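1. any chance you can model this:
(2 chains)
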2 protein chains.
Amino acid sequence: MKKLLLAALAAFALSPAAAFQVPPDPAALRDAALASDTVAWDLLEGLTTEVGQRMAGTEAEARARDWAVRRLTTLGFANVRIETFDMPVWVRGEERAEIVSPFPQNLVVTALGNSGATPARGIEAEVVHFENVAALEAAPDSAVRGRIVFITHNMRANQDGSGYGPFGAPRRTGPSIASRKGAVGIVIRSIGTDYHRNPHTGVQNFAERVRPIPAGALTIPDAEQLQRILRRGQPVRMRLTLTPRNIGRRQSGNVVAEVPGSDPSAGIIMIGGHIDSWDMGTGAIDNAAGVAITTAAAHRIMQAGTPRRTIRVVLFGAEEVGVFGGTAYFNAHRAEGNVVLVGESDFGADRVWRMTSNLAAGNSALGDRIAALLAPLGIVRGQTRANAGADLGAWASAGVAAIDLNQDGTRYFDYHHTPDDTLDKVDPEQLRQNVAAWTAMLAAAANAPERIEPSGAARTAGQ
Amino acid sequence: MKKLLLAALAAFALSPAAAFQVPPDPAALRDAALASDTVAWDLLEGLTTEVGQRMAGTEAEARARDWAVRRLTTLGFANVRIETFDMPVWVRGEERAEIVSPFPQNLVVTALGNSGATPARGIEAEVVHFENVAALEAAPDSAVRGRIVFITHNMRANQDGSGYGPFGAPRRTGPSIASRKGAVGIVIRSIGTDYHRNPHTGVQNFAERVRPIPAGALTIPDAEQLQRILRRGQPVRMRLTLTPRNIGRRQSGNVVAEVPGSDPSAGIIMIGGHIDSWDMGTGAIDNAAGVAITTAAAHRIMQAGTPRRTIRVVLFGAEEVGVFGGTAYFNAHRAEGNVVLVGESDFGADRVWRMTSNLAAGNSALGDRIAALLAPLGIVRGQTRANAGADLGAWASAGVAAIDLNQDGTRYFDYHHTPDDTLDKVDPEQLRQNVAAWTAMLAAAANAPERIEPSGAARTAGQ
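-> Just a heads-up that it's a prediction; the model follows:
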């Protein structure tokens, strides 16, 4: 039976003019997106220009949601809605770092998410340097107490972004370890790969029962300057001023839109990105691009006719500061048991170079068809297991099938979480390649005649 | 006679171990610099690390002079001294630009030199855009009055830096024209060629009887963002806050050092760079590099034995804000009539690609010898006339011979006058090539047996 269906599908794919009820040719949809998509660029340019930064829980993020509802409605999506949730909000204040002695000069710093605050006049202390988190952990408390800890790292740019995990430790765990050991503050070498005077912020959470301390990121040129100064061997004193505030719980929200399918029993394909951004850039690569790519691809499927499966696009709120939107959505909807496939785009706008999945053995033919559709875009098939990104990862962990379209991350950490995350960093041609890849994947998956099975992970979300 | 001397020189040049009184082989000195110079890097790293920014007329610039005196003395230079002068000093204050409507968001701005100040709460006005200075000039005053003028340009990176002249007009003359027409403020697209959120400052002077208005530079991503917002066709209101101050006259100074020559009648060769920098970066390419290159080259000549001509290295103060140091030095010393050749390094640290001169016809052989020494470094001979740079240009204009060693400027305006002008932008290998070129030129010129003649320009400074 499956063989017969596949043969029928192949026949349809060869039909140049897909008639009513005949699934559109995924390859043709792919090639049209690659040649001429403008929807993604318009969305990306619109969100970054007409809203700009959209920090989670702020009125800017609320304007972004309203903007998205207007655009999604205009594009013809169904069931466009906002699902709100509450979350704690932290906002940036004054930010200054100054070498007091032996060589007075200013350094460029920004606060990490959830940083504690200094008094308005700042704090002044001697700087103590550690080459990594392990060195800080190994140090006696007496070497840290009353000082400003400075942690560096050796992150390099990798295509698959794999440096961010291990080399991001100074940001994620450095502040808590430093606080436990009695440091009065911490500055890290920005978790990034560029040499510009734009610091990389990012979230960190103090561990339980750890006193929040001021925690900042120096730009990479500033971090290397501080290392050069320290190498002179004299005590280095820094004045650090960071005055962020926790302003309590505020409303955020997820924006949802759908391309209704013809067969409710076939389950829902859920894709998306996150609509919030950090506050310093305009969040072009992180993550207006993902919003634009997934929306544009779903729109192309809609334009080509009613797919078998409903495609749901979710533009998540409050990802950057703790995946609040993704968590709220999962908790609210997991019991519905109708999501059969998930995938998020949240790694910039450079070309997709690899597809990975967690498809069940019974869906290997579907995986093969998608891989074959992606190969002409230069996309290889990876052997690692898809995780569906931060916002949809809970679904994949719960056993829902997931497909990841991995983007080239070589440049990503040059701009990630910095003021430099702006529209000019996006290459329109690579953006179109992303839309083409998502369009091809969606065309194949939304119209797949076979059942899309749970991945066989520890827990299953049902189908 | 000249022929005989040249033949003798050629013979000496072949001698592997130059004996006392025998001029060292310029090619050997050149190659040694290229292979192994560390003095320039040490100076560059030291000045940018141990002093950092050194805004003209501030205590930081004074610390830079003291630093230079210590280093030049340690290196063995003679007659190391500071010659002070007074100058008006302008210092940066708060800097913010905000789109109030229709799309509220912050832009990154910095004040141009000698900018007027807004009140502490800023000014708010509608933005009016002009594509260049000519369009602003052609506009009726009614289109400008009460508004914030925004001027853009189309500067592109050129190897010879030739974009800076024509495309720098918005900075140099835009503020005065805007003020005359009744603008309440002006923001320009930064005069630069990069896409980073680091604005390019730079000096401008309000024309006589023109009221100073707040004048800032937006980063290039921000300028393009503002253009996109304006293209929506709605009135755009900006709040601009720039609170710089004129703090009156302060002391600056030039640092002078010499490699004494054996023949006082042969005249002095004067080279150098400027020791001041803008306040946002550490002035690595502008112009710790020039300080380092010329000092290191003079030091190499000194180490090789006593040259025929004295080499004087001048590290000028207060170049950025109006060439106060160069002007003070020229006025104080022009009457001495003993300078026969000048050259400044003030265009970064990328490789020298071209040599130009204004040598008199009678010195064509000297020019040929220098060009031949530079060719192995990949340096071509240009046909334009050397101008000796901002600080030494007055000497060239007054008829003193000048040699320019033009550096590759392709990257220069990515960093020029921004926070991004830091040590990491310097390529040590290209820095050594610069030292090699200057060493070769100095070796040939300082020991040239012939008279170095005035260039034949309008006025002659004597010899």
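2. which residues does the residue of the stretch 101-250 of chain A found nearest chain B contact?
-> Proximity of the stretch 101-250 of chain A to chain B (Cβ to the nearest Cβ) peaks at residue A:105, 3.4 Å away. The C-beta positions use only the backbone N, C-alpha and C, and glycine is treated the same way. Residue A:105 makes contact with A:98-99, A:225, B:51-53, B:60, B:282, according to Cβ atoms under 8 Å, 6 or more residues apart in numbering or on different chains.
3. these two touch, right, residue A:253 and residue A:317?
-> Yes. Residue A:253 lies in contact with residue A:317 (Cβ atoms under 8 Å); the separation is 5.0 Å.
4. overlap of the contact sets of the two?
-> By Cβ under 8 Å, 6+ apart, the residues touching both residue A:253 and residue A:317 are A:65, A:85, A:325.
5. and the nearest residue to residue A:393 once chain neighbours are set aside, which helix or strand is it part of?
-> Among residues not flanking residue A:393 along the chain, residue A:387 sits closest, at 5.3 Å (Cβ to Cβ, 6 or more residues apart in numbering or on different chains). Assigning secondary structure by DSSP states H and E places residue A:387 outside every helix and strand.
6. what about residue A:387, how many neighbours?
-> 16 (other Cβ atoms under 10 Å in any protein chain shown).
7. cool, and residue A:165?
-> Per other Cβ under 10 Å, the neighbour tally for residue A:165 reads 10.
8. quick check, pLDDT for it.
-> Per-residue confidence (pLDDT) for residue A:165: 94.
9. for residue A:58, same thing?
-> pLDDT, residue A:58: 98.
10. list the contacts of it.
-> A:89, A:91, A:250, A:279.
11. packing partners of the host helix or strand of the third one?
-> Following DSSP H and E, one finds residue A:250 within strand A:245-259. Other helices and strands packing on strand A:245-259, by 3 or more Cβ pairs under 8 Å, 6 or more residues apart in numbering or on different chains; DSSP states H and E, are helix A:59-74, strand A:78-91, helix A:289-303, strand A:310-316, helix A:324-333.
12. so for chain B, which of those sits nearest?
-> helix A:59-74 (7.7 Å).
13. who in the stretch 251-400 of chain A is up against chain B?
-> Residues of the stretch 251-400 of chain A lying close to chain B by Cβ under 8 Å from any Cβ of the partner chain are A:281-282.
14. likewise for the stretch 101-250 of chain A?
-> So the stretch 101-250 of chain A meets chain B at A:103-106, A:108, A:195-198, A:220-221, A:224-225, A:228-229, A:232 (Cβ under 8 Å from any Cβ).
15. show me just the buried residues among the residues you listed.
-> Buried by 16 or more other Cβ atoms under 10 Å in any protein chain shown: A:103, A:105-106, A:108, A:196-198, A:220-221, A:224-225, A:228-229, out of these.
16. ok now stretch A:156-165, how far from the chain's centre?
-> 14 Å (Cα atoms, centre = their mean, to the nearest Å).
17. show the end-to-end separation of that stretch, please.
-> Across stretch A:156-165, the terminal residues are separated by 12 Å (Cα to Cα, to the nearest Å).
18. got the contact list for that stretch?
-> So stretch A:156-165 is contacted by A:155, A:191, A:193, A:347, A:353-354, A:406, A:408-414 (Cβ under 8 Å, 6+ apart).
19. so of these, which ones are in strands?
-> Using DSSP state E, the members of these that fall within strands are A:353-354, A:406.
20. as TSV, those residues with pLDDT, neighbour count and distance to residue B:339 would be great.
-> What follows is the ones in strands among the contacts of stretch A:156-165, written out as TSV (pLDDT from 0 to 100; neighbours: other Cβ atoms under 10 Å in any protein chain shown; distance: Cβ to Cβ, whole Å):
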residue	pLDDT	neighbour count	distance to residue B:339
A:353	98	20	60
A:354	98	19	64
A:406	98	21	63
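21. all strands for the stretch 351-463 of chain A, in order.
-> Secondary structure of the stretch 351-463 of chain A (DSSP state E, counting those that start in this stretch): strands at A:352-357, A:380-385, A:401-407.
22. in CSV: the ones you listed, plus distance to residue A:452.
-> Putting the strands of the stretch 351-463 of chain A into CSV (distance: least, Cβ to Cβ, whole Å) gives the following:
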stretch, distance to residue A:452
strand A:352-357, 11
strand A:380-385, 16
strand A:401-407, 5
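23. comparing the ones you listed, which comes out most buried?
-> Of all those, strand A:401-407 has the most neighbours on average by mean count of other Cβ atoms under 10 Å in any protein chain shown, namely a mean of 27.
24. now residue A:198. Nearest residue, chain neighbours left out?
-> Nearest residue to residue A:198, sequence neighbours excluded (Cβ to Cβ, 6+ apart): residue A:418, at 4.1 Å.
25. ok, now residue A:404?
-> Excluding its sequence neighbours, the residue lying closest to residue A:404 (Cβ to Cβ, 6+ apart) is residue A:386, at 4.0 Å.
26. would you agree residue A:152 is in contact with residue A:223?
-> Yes. In this structure residue A:152 lies within contact range of residue A:223 using Cβ under 8 Å: 6.0 Å.
27. pick out whichever of those two has more residues nearby.
-> More crowded of residue A:152 and residue A:223, by other Cβ under 10 Å: residue A:223, with 24 against 21.
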